[in-house]
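Chemist: Test case, fold it:
(chains A and B)
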Amino acid sequence: MSRVIGARSMSLLILLSVVSLILFDARHHFDADLVTLKIKHQSAQRNWNLFYSQQQVFSAGSFRYERDFSEIAERITPGTSLLSDLATSYYAATYLPVFVMNIHRHQQGMARPQWHRLLHDRTACYLDVEANLWEFEKFLKLQEQAQAKNPHLQLRYVLLNKDHKNRNLGNDCFSLRHRHLQAPLSEIADLVYEGDFMNLYKVR
Amino acid sequence: MELMPIYFNAASHLWIAYLFLVNGMLLHWLIRARSIGYQDLTRPFEAQILAAFFLSISVNGLILLILDLVDLPFSLGRAAIPLLTLILLALCIYTRRPHVHNSQALIGDISCWRCLLYLAVFVVLFYNGGLIEQVSDAWWHMSLANKIGLASSFTLENGHLNGVSSRYYPPLWHGNLALAHTVSDVSIPVLWNSLTAWAGVLKVMAFYLFALALGGSVRAATISAILFVLLPGVGDSYLRVSAWPSHIAYTALFCLFYTTFQLLDRLGSERCTVSLPELFSLARVHIACLVVLSMIVIFSHQLEIIWFATALLFYYLVVLVHNSFAGEQDKFTESGLWIFNTAGASGLILLLSFSTYFFLTQLGSSHSPDIYLAIGIFPMIGAIFTYVWFSSNIDSPISNQVLSRWLLALLAVIVLLTVDIQQFRSLFDAALAHTPRPANYAAITTGWFGHELLIPDWSRQLRFGLLYSGVVSIPVAIALAIHRPSRLTLFTAATATFALLFCLSPYLYQGLTDLLQYHSAWRVSILIFHPIIFAALIEMFWNQVRDAEPTQ
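Modeler: Below you'll find the predicted structure:
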């Protein structure tokens, strides 16, 4: 009798230990603070969480720009290249028939376009500085000659994202300085669309 | 904060249900009406839903392939898909069988608990959304889907993102997304966001089927599915990324396991040895399903077909080890022994020949001695296990069971000596971790001869996935396999142990990376199926608690 009780107690103890371990590991899904912490540290929320809301995706994603993108799609020449901040470049590549160069390094493959340097050293973000605008113009002329055989790689459009709620734009100088870029851009490009969130410029 | 409009993505859910389930379900009913074997295979409710999904995406992929080959726009899918629905519907009505009136036959085996689980997963993922709000690789995939749709072709001359042609990526899932976008006019990010809820549920369903085929217990399989949702792992619980091609391939991988074990069970009830024509006649439905699922994996992410073969090979090796040390009474026999042995031996010969060939081709290179040791360990493993298989199955003068045991013990010692203790300690203490090398998607350690070797970087989703249930499950699986050898315990112990060894031994990891020519070989750790291990443990001890009765 006591042996049976001992075996049952041991089984119960093991069961309780396993359940405790499972509850301990599963706690991440029920931790409201983790959502805030991940947003604060810009860490991707890949696991489901009871307290995560699609509202986060809505404000830090591309959904609010869909009207702008459908307008831009009607004005843009398919198969051309476009310059924008990092996040908007990815959005544009997904919504529009264009190529974008401002992408993560590990996705560039063998391509190392020169104008990526203009973003890397922030020249493109400070076009309101005359020397930078001059360099940018010079680059546009050079690349037109260099990429004569690859017209799809020639920069044709500049897309400014004016949104200030999307967290993905917060670290990008090209988006953060959009107000300062509008005037210099109008010197080298025509504003072909002005929407709630996006301004599209066509390089002259 | 700007508020999201209510039901703003409701239309996308309706389109997903139609494009990824309806035609497949009609086709599934047509096949069910004609094949008893297929009826058996798809008896569980989950198998029916998954069959509908995989048939749908396969048919969609075929339609796109035909349009691509004859150079017609993918927008013709707007007519082709509804037309196919009408044809399949007409065929279903025309060929209906009496059993189709039976709701049980239509719906399959399902319990209230599992329905609640799937509903809960769907609601949480619907509420969470699936578009990772960061600029993640998801946008790379969505851009590819967009350009496939725009070009109406799987072959993109100028690539899809920066206008430079990129490496080949299996296009089946991207093609399906492109088709859904073209047919529905719903944007790809909205489709991706909504698809996550559906694909998440499908993944949990597939895991349930896998656990069911392994253990045969509905209760343990249900617990496995619940734990799959709850417990973090490398593939488990990451439900917000369910719309990624790799996770569609995981779903197919679980179904591959399900179909394989169902095939073994089907053969197990027949004679031990069957000829090839007999095998085909007995299991043509299972073989056809295995082919279709393999094609889906190969054309959606590829890599999982390697993990499928690897897992079965690990299982076969552990069965060989178990039977080498067990007495005659305790030897484990898998169902469909003939095909299990033939497939296992073929895998073993393939491992031995390919790894030897790879080693020989590298002999002229200027590799360090540590690299040579890393790529040389695989032919050695292959040779020892081939001898063990030979001694167990073929009676000859060179067969020697005692020598087999000694060789296995020697191999175990060698493999354990290659384990990097610091790597193991750094799993628990990140400060001890080896220097990460992001360019290699790995960390760097030093081998016995003082040269660099790759080792998994725990911070790449592994630490979170393994601590603590993942790592605890491995000794539990080994103990269960020793205490109660069965298909479930031997399979989960084999996959979990080998997967962990590849993450702890730099020689095994470097060798695997070189052999597969793949930068993220750490993904082998998706073969640690800890939800199934804990479900088996819970069921075992629950039965002991319930059944323990006082003796007189």
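Chemist: after the helix or strand of chain B with the lowest mean pLDDT comes which helix or strand?
Modeler: The element with the least model confidence among the helices and strands of chain B, by mean pLDDT, DSSP states H and E, is helix B:103-107, at a mean of 63. Downstream of helix B:103-107, the next assigned helix or strand under DSSP states H and E is helix B:112-128.
Chemist: starting at the chain centroid, how far to the next helix or strand after that next one?
Modeler: With elements assigned by DSSP H and E, the helix or strand that comes after helix B:112-128 is helix B:138-151. What separates the centre of helix B:138-151 from the centre of its chain is 25 Å, taken as CA atoms, centre = their mean, to the nearest Å.
Chemist: is chain A contacted by the helix or strand following helix B:138-151?
Modeler: The helix or strand immediately downstream of helix B:138-151 is helix B:172-184, counting by DSSP H and E. No - applying CB under 8 Å from any CB of the partner chain, one finds helix B:172-184 separated from chain A by no less than 9.9 Å. (C-beta placed from N, C-alpha, C; glycine too.)
Chemist: anything in the helix or strand just after helix B:172-184 near chain A?
Modeler: Going down the chain from helix B:172-184, the next helix or strand is helix B:188-215, by DSSP H and E. Yes - judged by CB under 8 Å from any CB, helix B:188-215 and chain A are in contact via B:188, B:189, B:190, B:193, B:200.
Chemist: ok, now which ones touch the closest residue to the fourth one other than its chain neighbours?
Modeler: Leaving aside its sequence neighbours, residue B:193 sits nearest to residue B:131 (CB to CB, 6 or more residues apart in numbering or on different chains; 4.1 Å). With contacts defined as CB atoms under 8 Å, 6 or more residues apart in numbering or on different chains, the neighbours of residue B:131 are A:57, A:61, B:138, B:189, B:192, B:193, B:196.
Chemist: any idea how far residue A:202 is from residue A:132?
Modeler: Separation of residue A:132 from residue A:202 (CB to CB, to the nearest Å): 20 Å.
Chemist: Least confident secondary structure element in chain A?
Modeler: Using mean pLDDT, DSSP H and E as the measure, no helix or strand in chain A falls below helix A:114-120, which has a mean of 69.
Chemist: Could you check how far the next helix or strand after that helix is from the centre of its chain?
Modeler: Towards the C-terminus, the helix or strand next in line after helix A:114-120, according to DSSP H and E, is helix A:130-146. Per CA atoms, centre = their mean, the displacement of helix A:130-146 from the mean C-alpha position of its chain is 25 Å.
Chemist: Next one: the residue nearest the centre of chain B relative to residue B:38, how far apart?
Modeler: Per CA atoms, centre = their mean, the C-alpha nearest to the average position across chain B is that of residue B:253, at 3.0 Å. Counting by CB to CB, the gap between residue B:253 and residue B:38 amounts to 21 Å.
Chemist: Do any residues in the lengthiest helix in chain A lie close to chain B?
Modeler: Looking across chain A with DSSP state H, the single longest helix is helix A:2-26. Yes - applying CB under 8 Å from any CB, one finds that helix A:2-26 is in contact with chain B at A:4, A:7-8, A:11-12, A:14-15, A:18-19, A:21-22, A:24-26.
Chemist: where does residue A:199 fall, helix, sheet strand or coil?
Modeler: In the three-state summary, residue A:199 is assigned as strand, counting by DSSP: H, G, I helix; E, B strand; the rest coil.
Chemist: neighbours around the closest residue to it other than its chain neighbours, how many?
Modeler: Nearest in space to residue A:199, with sequence neighbours left out and distances taken as CB to CB, 6+ apart, is residue A:160 at 4.4 Å. Burial measure for residue A:160: 23 neighbouring residues, criterion other CB atoms under 10 Å in any protein chain shown.
Chemist: same for the host helix or strand of residue A:160, what does it pack against?
Modeler: The secondary structure element spanning residue A:160 is strand A:155-161 (assigned by DSSP H and E). Other helices and strands packing on strand A:155-161, by 3 or more CB pairs under 8 Å, 6 or more residues apart in numbering or on different chains; DSSP states H and E, are strand A:81-83, helix A:86-95, helix A:173-176, helix A:178-188, strand A:198-203.
Chemist: tell me the pLDDT at the residue most central in space within chain A?
Modeler: For chain A, the residue whose C-alpha lies nearest the mean C-alpha position (CA atoms, centre = their mean) is residue A:87; its distance is 1.9 Å. Note for residue A:87: predicted pLDDT of 93.
Chemist: What of residue A:180?
Modeler: According to the prediction, residue A:180 has pLDDT 89.
Chemist: neighbours around it, how many?
Modeler: Other residues within reach of residue A:180 by the criterion other CB under 10 Å amount to 15.
Chemist: That one and residue A:195, how far apart?
Modeler: Using CB to CB, residue A:180 is found at 19 Å from residue A:195.
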